[in-house]
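1. Let me see the structure of the following:
(one chain, ligands or ions: 1)
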Amino acid sequence: MQRATESAYAKINLGLQIAGRRDDGYHDLVTVFQMVGPADEVTVNPSQPGLHTRSTGPFRIRDDDRHLCARAARVYCAATGIQPAFDIFCRKYIPVGAGLGGGSSDAAATLRALEKMHRAGVDLEKLGARIGSDVAFFIQGGTALGTARGEHLLHAPTVHATPVVLVKPKAGINTHGAYALLTPEDYSDGTRTLELFARLSAGDDPLDLTDLMGNDFQAPIERTYPELTDVRVSIERAGAARAMLSGSGSCVFGLFAETTAAERCARELSEAGYWTYSTRMLHCGPSGTR
Ligand code: C5P
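-> Reported below is the predicted structural model:
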């Protein structure tokens with residue numbers, strides 16, 4: 001059996017409206033996911049029976065049972081009847097606690113790698129949804145509408161390549177804690193995000209749709225972490241057409257008309273002490289390349 005390596009890209013949310021809290025403790029939402037760089041790298045190696053994970057790279061995390069790569073492998077093995085016998089290496093380039101979906105993307109990359117090795121013919125999006133709300137999106141990536149917990153997906157047929165800058169302050173934000181900050185006043189229906197997705201799918205330029213973008217976490221998170229307002233305003237001053245929180249933060253992203261302006265913004269905020277990354281909206285190519 002050959003080893004398999006998969007890139008695990010990050011995401012931003014171009015729109016994120018939270019409709020309310022459900023009986024199971026999760027929240028119903030309407031969101032537009034957009035794949036961006038950077039990417040972690042997940043390699044699954046066949047091994048002696050058992051399951052071991054090891055992470056390296058600038059944002060390495062603790063290697064324990066809660067590692068989402070390990071959870072993904074356990075879910076895959078349970079669904080297919082395959083005996084766990086894997087070493088999983090995860091090189092982490094996506095910051096943690098950023099709202100960029102790094103852990104969820106690592107889980108999706110693990111599922112893709114295992115399916116490449118075993119060809120069991122299982123529905124990876126369905127398996128992904130059992131691991132975390134965002135995992136299903138990362139199976140295919142690109143641009144997608146997410147509803148329910150975020151796991152019901154509609155993929156956009158269009159390809160946009162708008163320049164994006166990611167800026168993350170030192171503080172990370174725990175997703176569960178961010179949801180706990182929400183009050184009913186923060187909730188909204190998903191109308192604007194549904195229209196955003198329809199217009200993106202029709203091929204409209206994302207830079208013409210900035211009025212439809214928004215994130216219901218923005219106000220409560222900026223109230224709790226005032227530094228994020230400064231970051232957002234700095235990105236706007238650097239010329240972004242729109243600057244917003246990604247997911248529940250703490251990463252703030254800016255959309256730019258020109259790559260040169262995006263790179264200048266990334267440089268300036270990096271010199272101010274923030275982690276920054278200049279990328280663009282990314283999509284799956286026919287051979288799985290982005
Ligand atoms: O699904 P996932 O494990 O990524 O979610 C992490 C936490 O975020 C959940 O425990 C839950 O508190 C919160 N969450 C939520 N509603 C969602 C997604 C996540 O309340 N749609």
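2. going forward, measure contacts between C-alpha atoms and count neighbours the same way
-> Will do.
3. where in the protein is pLDDT low?
-> Within the chain, the stretches with pLDDT under 70 are 65, 285-290.
4. Could you tell me which residues of it lie near the ligand?
-> 25-29, 132-133, 149-150, 175-176, 179 (CA under 6 Å from any ligand atom).
5. what helices or strands is the helix or strand harbouring Ala10 leaning on?
-> In the assignment (DSSP states H and E), Ala10 maps to strand 4-21. Judged by 3 or more CA pairs under 8 Å, 6 or more residues apart in numbering; DSSP states H and E, strand 4-21 is in contact with strand 27-46, helix 102-118, helix 191-201, strand 214-215.
6. of all those, which lies closest to Arg242?
-> Nearest to Arg242 among the helices and strands packed on strand 4-21 is strand 214-215; the distance by CA to CA comes to 9.5 Å.
7. Which stretches in the stretch 151-290 of the chain count as helices?
-> 175-180, 191-201, 218-224, 227-237, 259-271 (DSSP state H, counting those that start in this stretch).
8. quick one: which of those helices is nearest Leu127?
-> Here helix 175-180 is closest among these (CA to CA), at 21.0 Å.
9. Alpha carbons of the closest one, in CSV - could you do that?
-> Presented in CSV, the C-alpha positions along helix 175-180 are these (Å, rounded to 0.1, in the frame of the first residue of the first chain):
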residue,chain,number,x,y,z
THR,A,175,-15.0,28.5,18.4
HIS,A,176,-17.3,27.1,21.2
GLY,A,177,-16.5,30.2,23.3
ALA,A,178,-17.3,32.5,20.3
TYR,A,179,-20.7,30.9,19.9
ALA,A,180,-21.4,31.4,23.6
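10. Can you mark which positions in that helix are buried?
-> For helix 175-180, the neighbour count (16 or more other CA atoms under 10 Å) marks 178-179 as buried.
11. for stretch 35-48, same thing?
-> 35-46.
12. Not counting its own residues, what contacts it?
-> Stretch 35-48 is contacted from outside by 1-12, 85-94, 102, 106, 109-110, 113-114, 141-143, 164, 277-283, using CA atoms under 8 Å, 6 or more residues apart in numbering.
13. Just want the residue of the stretch 151-290 of the chain that's nearest the ligand.
-> Going by CA to the nearest ligand atom, the ligand is nearest to His176 of the stretch 151-290 of the chain, at 3.9 Å.
14. So that residue versus Arg71, what's the distance?
-> 18 Å (CA to CA, to the nearest Å).
15. any chance of the helices of the stretch 151-290 of the chain in TSV, with distance to Asp64 too?
-> Output for the helices of the stretch 151-290 of the chain, formatted as TSV (distance: least, CA to CA, whole Å):
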stretch	distance to Asp64
helix 175-180	19
helix 191-201	37
helix 218-224	29
helix 227-237	31
helix 259-271	32
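16. Nearest to Ser248, out of these?
-> So among the helices of the stretch 151-290 of the chain, helix 175-180 is nearest, using CA to CA, at 6.0 Å.
17. residues making contact with the closest one?
-> Contacts for helix 175-180 (CA under 8 Å, 6+ apart): 97, 99, 217, 221, 248.
18. my read: the first one touches Ser250, true?
-> Same thing as Gly97. Yes: using CA atoms under 8 Å, Gly97 makes contact with Ser250 at a distance of 6.6 Å.
19. When these two are compared, which one has more neighbours?
-> Ser250 (29 against 20; other CA atoms under 10 Å).
20. Thr229 versus the more buried one, what's the distance?
-> In terms of CA to CA, Ser250 sits 11 Å off from Thr229.
21. pretty sure Tyr93 is touching Ser55, no?
-> No: applying CA under 8 Å as the test, Tyr93 and Ser55 come out as separate, 10.5 Å apart.
22. Kindly state the beta-bridge partners for Gly15.
-> Val32, Gly214 (DSSP bridges).
23. quick one, what contacts it?
-> Residues in contact with Gly15 (CA under 8 Å, 6+ apart) are 30-33, 193, 196, 212-215.
24. isn't Gly57 right next to Lys92, touching?
-> Yes: Gly57 is within contact range of Lys92, at 4.9 Å (criterion: CA under 8 Å).
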